[in-house]
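J.: Need a 3D model of the following:
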Amino acid sequence: KKSKLQKMQSKLRFRNVFPDCQKEKFEQVQPATSSSDSGLIKGNPKYMSFAWKAGGGGTLAVLDINKPQRLPPTFPMIKGHSGAIQDQDFNPFNDNVIATVSDDTTCKVWEIPEEFTKDVTEPLVNLQGHSKKVNFVQFHPAADQIIATAAFDSTVKIWDIEKAKDVFTLTAPDVNYWSLCWNSDGQLVGTTAKDKVVRIGDPRAEKWVHEVNAHEGPRAQKMTFLGETGLMLTVGFAKTTDREFKVWDIKSLKEPVQSVKIDQQASVLFPFFDGDVNMLYLAGRGDGNIRYYELSDGVFSYTSDHRSTTPQKGIGFLPKRGVNVMRAELMRAMKLTDNYIELISFIQPRKAQTFQEDLFPDCLSDSPALQAEAWISGSNAAPLRKSMKPDESGATTTTQRTVSKSVTSNNNPEVEKLRQELAEARKEIERLRAQQSGAGNDELSKLKHELNSMYEEKTSLEHKYNQQESVRAELAKKMSEGQATGGDAKGELLEKIEQLRAQKAELHSHLESTKSELESKSQEVNSLSIRIEEMQKSIDALRNQML
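T.: Okay, here's the model as predicted:
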């Protein structure tokens, strides 16, 4: 009789999926030695990237994923961080744009030139706002120009890339995050953290809406949302140090829907979920295996695994639009080791050599469903999808938005002119800011100080004048009563009073002149501020044109 497990596996659609390691590798790679909690390597249909071993700051290697080779001693890279790179993520709507985060507390967004012939050292956008190192970054799955970052300052920030500013912030009580991800339509973000709490947050409300203690073990935990099922998966360690994963209903986190013990290895598992065919891949940094499971009726069943004696230093998976549908390739992994990168395909065997619609439903498109402003204002939309069926030429139908060569080419006169204008605009705005914070503000502060001193002097003189007026009134009263006979004293007193009046009038005139001068100087500083705002608008327009 068949066992219960055999019966379950016999019902699985993908029980025959097998791994196929590409013979050609990327050799002589030098990945950075990093304490990062990320998967270390990311990819899309054109490129793959990972932090390169280099001194003096963070360096990112970006390779053509379709050209395995033995890497030369030197080649162009992305260089710009002053600290180690902790994580990176490709823009899902533009294969030539990538974001990186670093120990230097910044997130930088870069453009990968089509003709990558020299180092890229200037980012498109530099996002500053975290106070400690940033360890995770994720682009929004549906809205253009929206990105999330998590840092050691216990915050998750949501950024508007076009405006180069953070628009929402989620804060947890003194935690270090272990993972960060969006749900399928980008309404929620999920995190795991060192305090063993899995948090789900509504970023636009800036609050955590669900929390659960998923795993009791002390080592790092990871989580991912399971597509549009309303479920999430967490991976961690039991109190007995067993590796395990659990499935949760997001709306009811009292108990897991499923809990599975895996083994007793020490490496942290990273989950990757393919929502198109409900396949889960688990890979650990430090071991050589990749397990895969199939989700059916809210429960995962073990399918098979890829085994290797070479441990992976990092692991990543391509977006679905990057697979080869004519090979029935369900998924492709990038395995980063100490000296090479290996591509691993997961193949569903089929006799027919034609496109298999049941294996490849419409996948996530490379066009956004929303613009940043709409999402920030509260709008929601499911990510756009596109057909994976190749056209007659063999290419899949795509709506990919690539940056045109006229905008990106390093040798193009138009882009060089734009870059020069941007550099000149930055210099001008710095000059204006220095002028505003320097001479303008210094002179304004000096005038305000003089004005305050004059007001104090005026108040003192008025006090003395009032005292003399009291004396004069008392003297006049005594004279009227016949008690005072000193005409000279009276005349002297009246003379002093007149002197005080003259001093008061002169001071008043001086004060009015100073007020006029102060108002004129204030208008001058305001004019400088307006010019600075105009220059900032010009820079924003140039930056948007570059993007």
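J.: Could you list the low-pLDDT ranges of the protein?
T.: Scanning the chain with the threshold set as pLDDT under 70 gives 1-10, 56-57, 392-469, 471-473, 475-493, 497, 504, 507-508, 511, 514-547.
J.: go with 50
T.: Per-residue confidence for the chain (pLDDT under 50) gives these ranges: 1, 392-411, 436-437, 439-440, 484-485, 547.
J.: Pull up the pairing partners for the helix or strand containing Tyr281, direction included.
T.: Using DSSP states H and E, Tyr281 falls within strand 279-284. Applying DSSP bridges, strand 279-284 is found paired with strand 269-274 (antiparallel), strand 290-296 (antiparallel).
J.: Just put those in a markdown table and tack on distance to Gly378 and mean neighbour count.
T.: Placement of C-beta: from N, CA and C, glycine included. Shown next, in a markdown table, are these (distance: least, C-beta to C-beta, whole Å; neighbours: other C-beta atoms under 10 Å):
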| stretch | distance to Gly378 | mean neighbour count |
| --- | --- | --- |
| strand 269-274 | 27 | 22 |
| strand 290-296 | 31 | 21 |
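J.: would TSV of those strands with distance to Lys118 be doable?
T.: Shown next, in TSV, are the strands paired with strand 279-284 (distance: least, C-beta to C-beta, whole Å):
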stretch	distance to Lys118
strand 269-274	33
strand 290-296	36
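J.: what about Arg321, is that helix, strand or coil?
T.: Following DSSP: H, G, I helix; E, B strand; the rest coil, we place Arg321 in the helix state.
J.: So it is in contact with Met388, correct?
T.: Yes: the pair Arg321 and Met388 qualifies as a contact (C-beta atoms under 8 Å) at a distance of 7.1 Å.
J.: so who does Tyr100 touch?
T.: Small correction: residue 100 is Thr, not Tyr. Residues counted as contacts of Thr100 (C-beta atoms under 8 Å, 6 or more residues apart in numbering) are 58, 60, 78, 81, 85, 87-88, 107-108, 110, 137.
J.: In which helix or strand does the nearest residue to it once chain neighbours are set aside reside?
T.: Nearest non-adjacent residue to Thr100, counting by C-beta to C-beta, 6 or more residues apart in numbering: Gln88, 4.6 Å away. Using DSSP H and E, Gln88 maps to strand 85-90.
J.: what's the answer for Asp104, then?
T.: Assigned by DSSP H and E, Asp104 falls within no helix or strand.
J.: what's the answer for Glu506, then?
T.: Following DSSP H and E, the helix or strand that holds Glu506 is helix 487-546.
J.: now Thr171: how far from Thr191?
T.: 11 Å (C-beta to C-beta, to the nearest Å).
J.: Then Tyr302?
T.: According to C-beta to C-beta, Tyr302 and Thr191 sit 27 Å apart.
J.: Over to Ser509?
T.: Ser509 is 66 Å from Thr191, where distance means C-beta to C-beta.
J.: Equivalent analysis for Gln258, please.
T.: In terms of C-beta to C-beta, Gln258 sits 21 Å off from Thr191.
J.: now Phe273
T.: When Phe273 is compared with Thr191 (using C-beta to C-beta), they lie 17 Å apart.
J.: ok, Gln258 and Thr191, which is more surrounded?
T.: Comparing Gln258 with Thr191 by other C-beta atoms under 10 Å, the one with more neighbours is Thr191, at 24 against 14.
J.: How far off centre is the helix or strand encompassing the more buried one?
T.: In this structure, Thr191 sits in strand 189-193 according to DSSP H and E. Computed by C-alpha atoms, centre = their mean, to the nearest Å, the chain-centroid distance of strand 189-193 equals 15 Å.
J.: any idea which helix or strand comes after that strand?
T.: Of the helices and strands lying after strand 189-193 in sequence (DSSP H and E), the nearest is strand 197-202.
J.: Just checking: what are the partner strands of the helix or strand encompassing Ile98?
T.: Assessed by DSSP H and E, Ile98 sits inside strand 97-102. According to DSSP bridges, strand 97-102 forms sheet pairs with strand 85-90 (antiparallel), strand 106-111 (antiparallel).
J.: Just put those strands in a markdown table and tack on mean neighbour count and distance to Ile250.
T.: A markdown table is the format used below for the strands paired with strand 97-102 (neighbours: other C-beta atoms under 10 Å; distance: least, C-beta to C-beta, whole Å):
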| stretch | mean neighbour count | distance to Ile250 |
| --- | --- | --- |
| strand 85-90 | 26 | 23 |
| strand 106-111 | 24 | 27 |
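J.: Kindly reformat those as JSON lines containing distance to Ser38.
T.: Listed next are those as JSON lines, based on distance: least, C-beta to C-beta, whole Å:
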{"stretch": "strand 85-90", "distance to Ser38": "4"}
{"stretch": "strand 106-111", "distance to Ser38": "13"}
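J.: Identify the bridge partners of Leu282.
T.: As for beta bridges, Leu282 partners with Pro271, Arg291 under DSSP bridges.
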